[in-house]
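**Student:** Predicted coordinates and the sequence they were generated for:
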Amino acid sequence: MSSNKKLSIIVFSGTIDKLMPVGILASGAAAAGYEVNLFFTFWGLNSITKQAMQQMQPIDKNYEQFGPVMMKRMQEMKYPSWSELVREAKEVGEVKIFACSTTMEFFGIKREDLADFVDDVVGVATFLDRAEGGTTLFI
Amino acid sequence: MAELKISKTLDLKGMYCPGPVMETAKGIKQIGVGEILEVLATDPAAKPDIEAWARRTGQQILDIQQQGGVTRILIKRVK
């Protein structure tokens, strides 16, 4: 039965091979009634700017050779992009998207540079408070 | 089993995780409590995933049939 479960993810990586599972986990959890918190920091933060939304995310250097065939298969499967999965997650469930304020300063990213699905700019205390009592992943 | 009145059918063939669960979560909200949703999917994860989703969200699975590569799931909205 539905209990108040929570899934929180610290999204550190900005490569597609890591962002994709973030989108899949977030949307699957949201659909099943979990409260979901996504905290985008460091390279992850760079993938939630308006500019990043317009372009293809890079793949991890270690897996570069798999990139072209994977992208081709995803297109053939009509698989949604990771950001579409996050948007869909927000439609079906309780999902909050947080941007790390310190990282924003490191990279010179302003609030208005962030994608429209970002709920708030926060620090670690807010994230820990939101994540308390649930499962937390670092991706 | 006896004929059940299906209120809505989702054809999710060709969709992969988390698509079938997402669409099922949306679809169940489009029918009334007590009504039945029919889901048709080809994703091999659809059966275990929709069973887990139903357990978590408190909906009731009435029947699951696998025919060829297609899984047919009947879900009753109970809440």
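**Tutor:** Happy to help now that I have it.
**Student:** Quick check: phi and psi at A:Thr136.
**Tutor:** As for A:Thr136, its main-chain torsions (degrees, to the nearest 10) stand at phi -120, psi 130.
**Student:** who touches it in this structure?
**Tutor:** With contact set as C-beta atoms under 8 Å, 6 or more residues apart in numbering or on different chains, A:Thr136 has these partners: A:Ser8, A:Ile9, A:Ile10. In this view, the C-beta of every residue, glycine as well, is placed from N, C-alpha and C.
**Student:** List the buried residues for the lowest-mean-pLDDT helix or strand in chain B?
**Tutor:** For chain B, counting by mean pLDDT, DSSP states H and E, helix B:46-57 ranks last in confidence among helices and strands (a mean of 93). Judged by neighbour count using 16 or more other C-beta atoms under 10 Å in any protein chain shown, the buried positions of helix B:46-57 are B:Ala46, B:Lys47, B:Asp49, B:Ile50, B:Trp53, B:Ala54, B:Arg56, B:Thr57.
**Student:** could I get stretch A:132-139 in CSV with only the CA atoms?
**Tutor:** Output of stretch A:132-139 as CSV, limited to C-alpha atoms (Å, rounded to 0.1, in the frame of the first residue of the first chain):
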residue,chain,number,x,y,z
GLU,A,132,15.6,12.9,5.5
GLY,A,133,14.0,9.5,6.2
GLY,A,134,14.1,8.4,2.5
THR,A,135,16.5,6.8,0.1
THR,A,136,19.3,9.0,-1.3
LEU,A,137,21.4,8.2,-4.3
PHE,A,138,24.5,10.0,-5.6
ILE,A,139,24.7,9.8,-9.4
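**Student:** so B:Leu40 sits right up against B:Val70, yeah?
**Tutor:** Yes - with contact defined as C-beta atoms under 8 Å, B:Leu40 counts as touching B:Val70 (5.8 Å).
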